[in-house]
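Novice: Sequence and predicted structure are below.
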Amino acid sequence: MHRAAIGIFDSGIGGLTVASAVARALPHEDVIYLGDTARLPYGTKSAATVSRYAARAMEILLRYPVKAVVVACNTASAHALPTLREATSLPVIGVVGPGARAACAATQTGKIGVAGTEATIRSGAYQAAILELAPEAQVITAPWPLLVPLAEEGWTEHEVTRLTVETYLEPFVTSGVDTLVLGCTHYPVFKPLIRSVLDSSFDGFEMALVDSADVVASDLTALLADRQEAAPERVGRRTFFCTDAPERFARVGGTFFQGGELAAVTAIDL
């Protein structure tokens, strides 16, 4: 298993933020990434549909020699993680638990905000994970659905995006949250814009921004070390698949994965 890859899937391009963190933390490991761009977004779908899509995406990844699967999609992690873990003996890592741990470690006041897709917020997964770790925490949630298509379009600094972010941030600022979980893998690409809006529109309101990518990478590093499955020292390969529009995926995906256009993306049919 030392030379097997780490499989990562997401509903689209957003999970590349997790893949990028994994690649930085584990440069010797091969990474296989699948973005289900044909069915994007998962965040507006029912739990049953999300679970079905997630199961099919993992089934495709398991056709390759992989030693662990990362469910980079928050919505799929919220709705399908137990089912996915039952389907394989390999480790399956979600993003909700790591994100909740990071938020609880970051907050000073116990007021934690969670922004995510409609399906993720509706699932209550982040609320439950945070309150299990910090029962006294006050969790404020809100869906940010428009940021997913804006991210997929590559509009990370557009004026439309700025106005959207300002509107979405207002209830969190009004509630006085000191830590905001970016509960969708598309959202971390907007971190600079969010901080800019907090400075310009909310008088420099201080709010820690948390996403699970680095925590997932750390958990994966520890897991491979514990299982003695870390790759030998070499240059890890990065393989990218998507289910629709590979040229666009390559162009926009560079914003999410270490900058620059992705070298090659292969289209597959689920």
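Specialist: Noted; the coordinates are in hand.
Novice: shaky segments in this structure?
Specialist: Residue ranges of the chain with pLDDT under 70: 1, 259-260.
Novice: Ramachandran coordinates for residue 257?
Specialist: When read as degrees, to the nearest 10, the backbone of residue 257 gives phi -110, psi 90.
Novice: which residues does residue 139 form a beta bridge with?
Specialist: As for beta bridges, residue 139 partners with residue 112 under DSSP bridges.
Novice: number of nearby residues for it?
Specialist: Per other C-beta atoms under 10 Å, the neighbour tally for residue 139 reads 21. C-betas here are computed from N, CA, C, even on glycine.
Novice: Please apply the same query to the one 5 residues further on.
Specialist: Neighbouring residues of residue 144 were enumerated by other C-beta under 10 Å; the total is 26.
Novice: Please enumerate the helices of this protein.
Specialist: Along the chain, the segments classed as helices by DSSP state H run 16-25, 47-61, 74-86, 96-106, 118-123, 125-133, 147-153, 159-175, 191-201, 213-226, 246-253.
Novice: Taking their axis directions, the third one and helix 47-61 sit at what angle?
Specialist: Read that as helix 74-86. Here helix 74-86 points in a direction 60 degrees away from that of helix 47-61 (axes from the mean of the first three to the mean of the last three C-alpha atoms, to 10 degrees).
Novice: got a list of contacts for stretch 123-132?
Specialist: 47, 75, 77-79, 96-97, 99-100, 103-104, 112, 114, 116, 120, 137, 139, 141, 181, 183 (C-beta atoms under 8 Å, 6 or more residues apart in numbering).
Novice: returning to what we had before: columns mean neighbour count on top of the helices of the chain, output as CSV?
Specialist: Listed next are the helices of the chain as CSV, based on neighbours: other C-beta atoms under 10 Å:
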stretch, mean neighbour count
helix 16-25, 24
helix 47-61, 19
helix 74-86, 24
helix 96-106, 22
helix 118-123, 22
helix 125-133, 19
helix 147-153, 21
helix 159-175, 16
helix 191-201, 16
helix 213-226, 18
helix 246-253, 19
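Novice: would you list these in CSV and tack on distance to residue 37?
Specialist: Converted to CSV, the helices of the chain look like this (distance: least, C-beta to C-beta, whole Å):
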stretch, distance to residue 37
helix 16-25, 12
helix 47-61, 11
helix 74-86, 14
helix 96-106, 22
helix 118-123, 17
helix 125-133, 24
helix 147-153, 8
helix 159-175, 20
helix 191-201, 23
helix 213-226, 20
helix 246-253, 6
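Novice: Out of these, which is closest to residue 238?
Specialist: Of all the helices of the chain, helix 16-25 sits nearest to residue 238, with 6.5 Å by C-beta to C-beta.
Novice: With only the CA atoms kept, save that closest one in CSV.
Specialist: Output of helix 16-25 as CSV, limited to C-alpha atoms (Å, rounded to 0.1, in the frame of the first residue of the first chain):
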residue,chain,number,x,y,z
LEU,A,16,-9.1,21.0,-5.0
THR,A,17,-8.5,23.2,-1.9
VAL,A,18,-8.3,20.0,0.1
ALA,A,19,-6.3,18.2,-2.5
SER,A,20,-3.8,21.1,-2.6
ALA,A,21,-3.4,21.0,1.2
VAL,A,22,-2.8,17.2,1.0
ALA,A,23,-0.3,17.6,-1.8
ARG,A,24,1.6,20.2,0.2
ALA,A,25,1.6,18.1,3.4
